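Student: build me a model from this:
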Amino acid sequence: MPVASVGLKSMSLPEFGEPTVMPLVARNTYGARIEALIARGAKSGFDAFAIYGDREHAANVAYLSGYDPRFEETLLVIVPGSQPRLLVGNEGWGYAEICDGPYERVLYQTFSLPAQPRDRSDALPDILAGCGLKPGHRIGAIGWKPFGAGDAGFDETTLDLPSFVADTLRTLVGNKGAVVNAANLLMNPTDGLRALNEADQLASFEFAATFTSQGLRNVLQGIEPGMTELQAARLMGMNGLPHGCPSHVVGGKARRLWLAQPPPRHHPAW
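Tutor: Below is the predicted model of the structure:
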């Protein structure tokens with residue numbers, strides 16, 4: 001049999017270029033997602049949904065509405081037959097308007113940062129009742145963590161919403177109603193709604209991922225012996241887009257802890 005010939009060659013990374021047009025998820029796509037959640041929820045006996053989000057846990061609200069909360073918390077209330085209501089604080093009010101999602105904004109200043117005005121919004125029970133939530137309703141509460149069989153001591157009534165929101169929902173529906181963790185309707189990896197992505201969502205992901213790839217390429221091409229982590233990180237040239245994961249450069253002993261932030265070392269990392 002012929003012996004394979006192996007040669008070592010120097011290869012350069014291909015130049016993919018960067019996109020110039022940002023693809024957007026259409027407003028009617030968000031509307032279709034909401035309708036799909038309502039239909040899925042009806043099969044599970046839900047009368048309405050309350051979807052909570054904050055800076056760290058924004059994906060479910062963003063998936064349904066296009067609104068990605070920044071400094072404040074938010075609550076998206078969905079009742080079949082009514083316009084979804086998005087509860088936002090002071091700083092989220094204008095931002096929610098330009099996001100132009102399929103919702104009606106409701107000012108709820110308790111979601112605002114501490115020491116900001118809280119004198120222009122109604123109490124949470126009144127707001128939720130105005131959204132269409134009623135005693136006896138079975139509400140699907142969606143935070144960011146579905147609890148499964150392996151989570152000892154928890155069941156479907158275990159919620160990961162803030163207590164002031166969860167307690168208010170429970171009080172509103174009363175003894176004849178229920179507030180149930182419904183995160184799996186969106187997040188179950190097998191049949192959750194978020195397991196499937198539309199073409200425009202994939203295009204949006206790819207747009208952001210291209211810049212991330214280019215940032216890594218910039219580091220690989222520009223890194224030099226003697227650089228500190230901060231000097232190497234500047235090579236990424238990030239453009240202000242939200243990141244899908246923490247982006248930083250860590251070397252030395254801290255490289256085993258990839259979530260560690262690079263300290264301002266004065267000695268070289270390489």
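Student: buried stuff in the host helix or strand of Ala208?
Tutor: For Ala208, the host element (DSSP states H and E) is helix 199-222. For helix 199-222, the buried set under the neighbour-count rule, 16 or more other C-beta atoms under 10 Å, comprises Gln201, Ala203, Ser204, Phe207, Ala208, Phe211, Thr212, Gln214, Gly215, Arg217, Asn218, Val219. The way it works is simple: take the backbone N, C-alpha and C, and place the C-beta from them, glycine included.
Student: for it, the distance to its chain's centre please.
Tutor: 18 Å (C-alpha atoms, centre = their mean, to the nearest Å).
Student: check contacts around Phe207.
Tutor: Pro19, Met22, Pro23 (C-beta atoms under 8 Å, 6 or more residues apart in numbering).
Student: the second one: what's its closest spatial neighbour, skipping adjacent residues?
Tutor: So the one you mean is Met22. Phe207 (5.8 Å; C-beta to C-beta, 6 or more residues apart in numbering).
Student: state the distance from the one you found to His137.
Tutor: 39 Å (C-beta to C-beta, to the nearest Å).
Student: which residues sit against stretch 41-49?
Tutor: By C-beta under 8 Å, 6+ apart, stretch 41-49 touches 37-38, 76-80, 132-134, 137-142, 180, 182, 185.
Student: ugh, typo on my part, it should be stretch 50-64
Tutor: Outside stretch 50-64, the residues within contact range by C-beta under 8 Å, 6+ apart are 30, 33-34, 37, 67-78, 84, 128, 133, 139-144, 161-162, 165, 169, 179, 183, 186-187, 193-194.
Student: swap in stretch 10-28?
Tutor: With C-beta under 8 Å, 6+ apart as the contact definition, stretch 10-28 has outside contacts at 66, 100-102, 198, 200-201, 203-204, 207, 210-211, 213-214, 217, 220-221.
Student: if we use 7 Å, what do you get?
Tutor: The contact list for stretch 10-28 (C-beta atoms under 7 Å, 6 or more residues apart in numbering) reads 66, 100-102, 200-201, 203-204, 207, 210-211, 213-214, 217.
Student: and those, which two are the farthest apart?
Tutor: Pro102 and Arg217 (37.6 Å; C-beta to C-beta).
Student: so how far is stretch 218-226 from its chain's centroid?
Tutor: Chain-centre distance of stretch 218-226: 32 Å, with C-alpha atoms, centre = their mean.
Student: what does stretch 12-27 give?
Tutor: 21 Å.
Student: can I get the CA coordinates of stretch 131-151 in CSV?
Tutor: Output of stretch 131-151 as CSV, limited to C-alpha atoms (Å, rounded to 0.1, in the frame of the first residue of the first chain):
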residue,chain,number,x,y,z
CYS,A,131,-53.6,43.8,32.1
GLY,A,132,-56.5,41.3,32.3
LEU,A,133,-55.2,38.9,35.1
LYS,A,134,-58.1,37.7,37.2
PRO,A,135,-58.8,35.7,40.3
GLY,A,136,-59.0,32.0,39.4
HIS,A,137,-56.6,32.3,36.5
ARG,A,138,-53.9,29.7,36.0
ILE,A,139,-50.9,31.9,35.1
GLY,A,140,-47.7,30.6,33.5
ALA,A,141,-44.8,32.4,35.1
ILE,A,142,-41.6,32.4,33.0
GLY,A,143,-38.3,33.5,34.5
TRP,A,144,-35.1,31.9,33.3
LYS,A,145,-34.9,28.5,35.0
PRO,A,146,-37.3,25.6,34.4
PHE,A,147,-37.2,23.2,37.3
GLY,A,148,-36.9,19.5,36.4
ALA,A,149,-37.1,16.1,38.1
GLY,A,150,-33.5,16.4,39.2
ASP,A,151,-34.2,19.5,41.3
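Student: next one: it to chain centre, how far?
Tutor: How far stretch 131-151 lies from its chain's middle: 18 Å, per C-alpha atoms, centre = their mean.
Student: can you pull out the helices in the stretch 101-250 of the chain?
Tutor: Under the criterion DSSP state H, counting those that start in this stretch, the stretch 101-250 of the chain contains helices at 124-130, 163-173, 184-187, 199-222, 229-234.
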